[in-house]
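Novice: no FASTA, just this:
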């Protein structure tokens, strides 16, 4: 089923984002995907690093999903709500709905999230660019 495939891709992407931390120097990574019969998803993650760019101090994330069908709104909203209710999700994780568009926003300090400590800016950039993100 196509929807399960996209849910899995979105879930992996979001989980990776929520499990990574942020600080002083910033690394901004974005990814946009479009699929016929599904719609368009856009993710933007801002990693805030310490002054040396070696330790993530905080993270700001926004993920938008523009669906082609009204029938999928409840399913995807439920999926995003579950992500915000996860024990590793930041306390300010929110999901908003506007027509066929769903938007998840989240911000958090690295110490409040489960992430691999010491992940440098270069390592995060390389890993996300391999997954199709554009980072600057």
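Specialist: Yep, it's here. Since the structure is predicted, the reported quantities are computational estimates derived from the model, not experimental observations. Residues are numbered from 1 along each chain as shown.

Novice: residues of stretch 122-136 that come out buried?
Specialist: Residues 124, 125, 128, 133, 135 are the ones in stretch 122-136 that count as buried (16 or more other CB atoms under 10 Å). C-beta coordinates here come from the backbone N, C-alpha and C atoms, glycine included.

Novice: Going by distance to residue 77, which of these wins?
Specialist: residue 133 (24.2 Å; CB to CB).

Novice: give the contact list for the closest one.
Specialist: Shown in contact with residue 133 (CB atoms under 8 Å, 6 or more residues apart in numbering): 29, 30, 31, 43, 45.

Novice: partners of the helix or strand that contains the fourth one, with directions?
Specialist: This points to residue 43. If you go by DSSP states H and E, residue 43 is part of strand 39-49. Sheet pairing of strand 39-49 (DSSP bridges) gives strand 26-35 (antiparallel), strand 56-67 (antiparallel).

Novice: hmm, back to that, filter the contacts of residue 133 down to the buried ones, ChimeraX style.
Specialist: To isolate the buried ones among the contacts of residue 133 in ChimeraX, judged by 16+ other CB under 10 Å, type:
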select :29,31,43,45
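
Novice: Now tabulate the contacts of residue 133 in TSV and tack on distance to residue 51 and pLDDT.
Specialist: Output for the contacts of residue 133, formatted as TSV (distance: CB to CB, whole Å; pLDDT from 0 to 100):
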residue	distance to residue 51	pLDDT
29	20	96
30	24	98
31	27	97
43	26	96
45	20	92
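
Novice: Brilliant, that's me finished.
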